[in-house]
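**Student:** Sequence and predicted structure, then a few things I'm wondering about:
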Amino acid sequence: MGLAPEALAGSQTEDIINAVFGHVTDGYKFNERQALTYKDQQYTCDPKLSDQCFCLVYVIPSDIFQYIDDRLIDKLKIIRQRISDKGIPKVIVMTKVDEACPLVQNDLRKMYTSKKIKEKMELCSATLGVPLTNIFPVKNYHNEVNTDDDIDVLILKALEQIVQLADDRLEDTDSY
């Protein structure tokens, strides 16, 4: 279950925050009506390191980001603020870049020279408070029958950076 703009729809922001911090036990069924609290049986008060997240990844479609409901943006900002308090890095994987920019649709190698993609990355950064260096535009596989090296490079580069950020944060856990 993902986030939804309505107050009582989709996952609760507090549940996502609890999951990132490792407070949610395996098998917990997210409830869109009520968030997990420290009083619940499925709440872990002292989570193990292996239950915690060390990087928060937003997956956001670039072709419709500017139309996303402000209530959903507010939920994402709440999550970002709470996660930032613990020093957990945030990343945006910006999908569907080929649908957002005809130049990139014709030649994926023009991703980082596209003004339209740069504008979308800047909008994501300004709206969600994630640094431009942590926004990774990628193309989704949807019509392709075979793999494509240009698509794979973008996806793998994003994954590599996410793993590196998480690893850096994990090494810094003693300082939090």
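**Tutor:** Good, I have the coordinates. Here the structure is a predicted model, which means the values were calculated and not measured. Numbering: from 1, shown residues only.
**Student:** From now on I want contacts and neighbour counts done on CA atoms only, so please keep to that.
**Tutor:** Noted.
**Student:** residues in contact with stretch 22-41?
**Tutor:** For stretch 22-41, the external contacting residues (Cα atoms under 8 Å, 6 or more residues apart in numbering) are 1, 8-15, 18, 42-49, 51-53.
**Student:** Separate out the buried members of the residues you listed.
**Tutor:** The neighbour count (16 or more other Cα atoms under 10 Å) marks 10-15, 18, 42-44, 51-53 as buried among the contacts of stretch 22-41.
**Student:** Point out where this structure drops to low pLDDT.
**Tutor:** 1-10, 174-176 (pLDDT under 70).
**Student:** now the most centrally placed residue in it, which residues is it bridged with?
**Tutor:** Among the residues of the chain, the one closest to the centroid is Tyr58, at 1.3 Å (Cα atoms, centre = their mean). Beta bridges link Tyr58 to Ile92 when assigned by DSSP bridges.
**Student:** Need the buried ones among the contacts of stretch 22-41 in a markdown table (columns: distance to Val93 and secondary structure).
**Tutor:** Formatted as a markdown table, these follow (distance: Cα to Cα, whole Å; DSSP: H, G, I helix; E, B strand; the rest coil):
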| residue | distance to Val93 | secondary structure |
| --- | --- | --- |
| Gly10 | 20 | strand |
| Ser11 | 20 | coil |
| Gln12 | 21 | coil |
| Thr13 | 19 | helix |
| Glu14 | 22 | helix |
| Asp15 | 21 | helix |
| Asn18 | 22 | helix |
| Gln42 | 30 | coil |
| Tyr43 | 29 | strand |
| Thr44 | 29 | coil |
| Asp51 | 23 | helix |
| Gln52 | 20 | coil |
| Cys53 | 17 | coil |
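**Student:** Tell me the one of the residues you listed nearest Leu76?
**Tutor:** Nearest to Leu76 among those, counting by Cα to Cα, is Thr13 at 7.9 Å.
**Student:** My read is that that closest one contacts Ile73, right?
**Tutor:** No. Contact criterion Cα atoms under 8 Å: Thr13 and Ile73 do not qualify, at 11.4 Å.
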